[in-house]
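A.B. asks: Here's a sequence, model it:
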Amino acid sequence: MPVNCTPLLKEAGMRRESVVRPIAWMMIATALNSLATFGREALSAAYFGASVQTDAFNVGVAITGFALLILSPLSDVFVPVYVDYLARDRHEDVQYILNAVGTFLLVLLGVSAVVLFAFADPLVGLYASGFDVEGRRLTVDLLRILIPFAVFSGLATYSILILTARKDFVWIGLAPVVGTVAAIGILWRLAPSLGIHALAWGFVGGGAVEILVLGWGLRQQKIRFRPTLRVRESLGLLGKLSLFMLAIRYVGQISEIVDRNMLSHLSAGSIAALAFARNIYSVPFQVFTLGITRVVITYFSWDAAHEDADGLKRNLSLSIRIGAFFMLPATVGLILLRNPVIQVLYERGEFTAADTQATATMLAWFALGLFAHAVLFITIRYFLSRKAVGRFAFITVLYVGCRVVFNLLFIKPLDHAAIACSTALAGAMAAAVALLLIRRELGALGGGYIACTCLKASAAAFVMGGIVYLGGRSPFIQMLPSYGQLGSLVAGGALVYLLAAYLIRLEELRLLIDLVRDRIKALMKGAG
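C.D. replies: Purely as a prediction, here's the structure:
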């Protein structure tokens, strides 16, 4: 008789409903956005392939991301601090912090836009020293077009943080989907005439649409922003914590700079191959990991505000187990289907079979680090909810240091795949250390339950992998077109995994089934 080693169904019903339902919605919304993103990337690959143009564009996007690190302290500490104010139920203080932080944010974004425009050329030289003169000039042009996108992204980040603290996840999930669809439309219309510049304008237009959707969500929450000159007081609330977090985030960018500098000295298209592999890897990562962490940071923060240690442990354990339930089969599936996935999504136009092989090698290594990075992201949200910035800093430095060292060790034997291998290994080491630190603080986290879930999910995933491997060699499957083969194998593998998980009584599946059943009953009751 199977052992019931995860008593999820006996956990508090209110907690189960409140945590799992928004997690499920965020996973669905993130999956839709990932599909839209793949549509955009497939269109981009067909137009430009893995070329010098796409290398230049990806470096431009990376630099805007580097500039947006000035907002990372806000992303890291705002939700826990804002939740503290909400928990006190003091309207004036809540409104003040929204106005003060928002005003400070607008100033930072304005300064960042000026810096990006004025210092575009040296920034490109820092990120991609191996580019020739023409590639560097193109990258500078694309970077300057992307400056409004950086501003829109900053405003979107702030809007999402406010809605997250208030547990309003509907608009958080919907806005990126609408924005990405808008970017696809712009790319499709302008690419024939503007070339790679159309992709940059698509990002700008999509960012503007996302802001409009999030603005409507804030309006529904009756949130109004009024600029204030009392910004200095907001620095007293968040300043020391934010500046410390900012320094740590910039330290974290060291590994990104090392990655791109190494790849810029390898064969042309290596940076683009890294970007394409990350785009595929990011689908399960964003759908499941970000779907979980965007919700749990709120519940961790409310638990911390009420000093509910038991609540923290339950939510942490539940988040990790849900991550294992989704990430372990995703790892197996990505490794087995890496070539067909890339061929269906990208191999057309200028994207060749050689590009597919280069991208597939990176993707396999990235896939091995999926679950470890899920655990790492969840534990980081725990540290942030407790405002334990020292431990967050330690984990970040450990992760960055491991990535840099592994890059240097593996770049010769593995070539461009060293970047993905280093990422996977560093994630595993940092996640293990983070869990040890949390256990020392909270005590036992239900490690036996977590291990049991991992073992059961792994067993079901290997059964799924065996069926997918054999199915891929079936004459019937091979008669189908490439997209039909991939769709059949993905759908069949998912069904096999769910069936195997049901037979071995994996409690996370029963939890999700109960959630779906409850929602159907509620809809039927409402219709009646």
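A.B. asks: pLDDT at residue 93, what is it?
C.D. replies: On pLDDT, residue 93 comes in at 69.
A.B. asks: The one 10 residues further on too?
C.D. replies: Listed pLDDT for residue 103 reads 81.
A.B. asks: quick one: residue 274 and residue 360, what's the gap?
C.D. replies: 12 Å (Cβ to Cβ, to the nearest Å). (Each C-beta comes from the backbone N, C-alpha and C, glycine too.)
A.B. asks: Let me know the secondary structure of residue 131.
C.D. replies: Classification of residue 131 using DSSP: H, G, I helix; E, B strand; the rest coil returns coil.
A.B. asks: mind listing what it touches?
C.D. replies: In this structure, residue 131 makes contact with 55, 56, 59, 124, 139, 264, judged by Cβ atoms under 8 Å, 6 or more residues apart in numbering.
A.B. asks: Over to residue 124?
C.D. replies: 59, 60, 63, 131, 136, 139, 140, 143.
A.B. asks: Give the closest residue to it in space, chain neighbours not counted.
C.D. replies: residue 139 (4.6 Å; Cβ to Cβ, 6 or more residues apart in numbering).
A.B. asks: and that neighbour, what element?
C.D. replies: helix 133-145 (DSSP states H and E).
A.B. asks: What of residue 485?
C.D. replies: Per DSSP H and E: helix 482-503 holds residue 485.
A.B. asks: Can you name every helix or strand that that helix contacts?
C.D. replies: helix 309-336, helix 338-346, helix 447-472, helix 475-478, helix 507-527 (3 or more Cβ pairs under 8 Å, 6 or more residues apart in numbering; DSSP states H and E).
A.B. asks: Give me the next element, helix or strand, following the second one.
C.D. replies: From helix 338-346 onward toward the C-terminus, using DSSP H and E, the following helix or strand is helix 353-368.
A.B. asks: circling back to that earlier point, okay, the helices and strands packed on helix 482-503 in JSON lines with mean neighbour count, distance to residue 291 and mean pLDDT next?
C.D. replies: Formatted as JSON lines, those follow (neighbours: other Cβ atoms under 10 Å; distance: least, Cβ to Cβ, whole Å; pLDDT from 0 to 100):
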{"stretch": "helix 309-336", "mean neighbour count": "22", "distance to residue 291": "9", "mean pLDDT": "88"}
{"stretch": "helix 338-346", "mean neighbour count": "21", "distance to residue 291": "20", "mean pLDDT": "86"}
{"stretch": "helix 447-472", "mean neighbour count": "18", "distance to residue 291": "17", "mean pLDDT": "90"}
{"stretch": "helix 475-478", "mean neighbour count": "10", "distance to residue 291": "30", "mean pLDDT": "82"}
{"stretch": "helix 507-527", "mean neighbour count": "13", "distance to residue 291": "13", "mean pLDDT": "64"}
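A.B. asks: Tell me which of those helices lies nearest to residue 48.
C.D. replies: helix 338-346 (10.8 Å; Cβ to Cβ).
A.B. asks: counting contacts, what elements does that closest one pack onto?
C.D. replies: helix 13-48, helix 270-284, helix 353-368, helix 482-503.
A.B. asks: Name the residues that touch the second one?
C.D. replies: Residues lying outside helix 270-284 but in contact with it, judged by Cβ under 8 Å, 6+ apart, are 31, 34, 37-38, 41, 45, 49-51, 54-55, 58-59, 128, 259-260, 263-264, 326-327, 330, 334, 338, 341-342, 345-346, 355, 358-360, 362-363, 366-367, 370, 416, 419-420.
A.B. asks: what does the average pLDDT come to for that helix?
C.D. replies: 78.
A.B. asks: Kindly report the same for the longest one.
C.D. replies: Here helix 13-48 scores 74 as its mean pLDDT.
A.B. asks: Whichever helix or strand comes after that helix: how far from the chain's middle?
C.D. replies: Beyond helix 13-48 on the C-terminal side, the first helix or strand identified by DSSP H and E is helix 52-67. Relative to its chain's centre, helix 52-67 lies at 18 Å (Cα atoms, centre = their mean, to the nearest Å).
A.B. asks: Name the residues of helix 52-67 that are buried.
C.D. replies: Neighbour counts over helix 52-67 (16 or more other Cβ atoms under 10 Å) mark 52-64, 66-67 as buried.
A.B. asks: who's in contact with the helix holding residue 485?
C.D. replies: Helix 482-503 is touched from outside by 325, 329, 333, 337, 340-341, 343-344, 456-457, 459-461, 463-465, 467-468, 471-472, 477-478, 480, 508-509, with contacts defined as Cβ under 8 Å, 6+ apart.
A.B. asks: what's the answer for stretch 176-193, then?
C.D. replies: Under Cβ under 8 Å, 6+ apart, the answer for stretch 176-193 is 29-30, 32-33, 36-37, 39-40, 43-44, 47, 197-199, 201-203, 205-210, 213.
A.B. asks: same check, this time on stretch 344-352
C.D. replies: Under Cβ under 8 Å, 6+ apart, the answer for stretch 344-352 is 38, 41-42, 45-51, 276, 280, 353, 355-356, 359, 482-483, 486.
A.B. asks: For stretch 341-356, measure first residue to last.
C.D. replies: One end of stretch 341-356 sits 9 Å from the other (Cα to Cα, to the nearest Å).
A.B. asks: again, but for stretch 348-359
C.D. replies: Terminal residues of stretch 348-359 are spaced 14 Å apart (Cα to Cα).
A.B. asks: now stretch 219-227
C.D. replies: Per Cα to Cα, the first residue of stretch 219-227 is 17 Å away from its last.
A.B. asks: Tell me the buried residues in it?
C.D. replies: 223, 225.
A.B. asks: How far off centre is it?
C.D. replies: 27 Å.
A.B. asks: try stretch 297-315
C.D. replies: The answer for stretch 297-315 is 22 Å, by Cα atoms, centre = their mean.
A.B. asks: returning to that earlier point: any chance of CSV for the contacts of residue 131, columns distance to residue 295 and pLDDT?
C.D. replies: Output for those, formatted as CSV (distance: Cβ to Cβ, whole Å; pLDDT from 0 to 100):
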residue, distance to residue 295, pLDDT
55, 36, 82
56, 36, 85
59, 33, 84
124, 37, 83
139, 37, 87
264, 38, 63
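A.B. asks: quick one: which of those is nearest residue 220?
C.D. replies: So of these, ranked by how close each gets to residue 220 (Cβ to Cβ), first place is residue 59, at 38.1 Å.
A.B. asks: wait, doesn't the closest one sit right on residue 141?
C.D. replies: No. If you go by Cβ atoms under 8 Å, residue 59 and residue 141 don't touch, sitting 11.8 Å apart.
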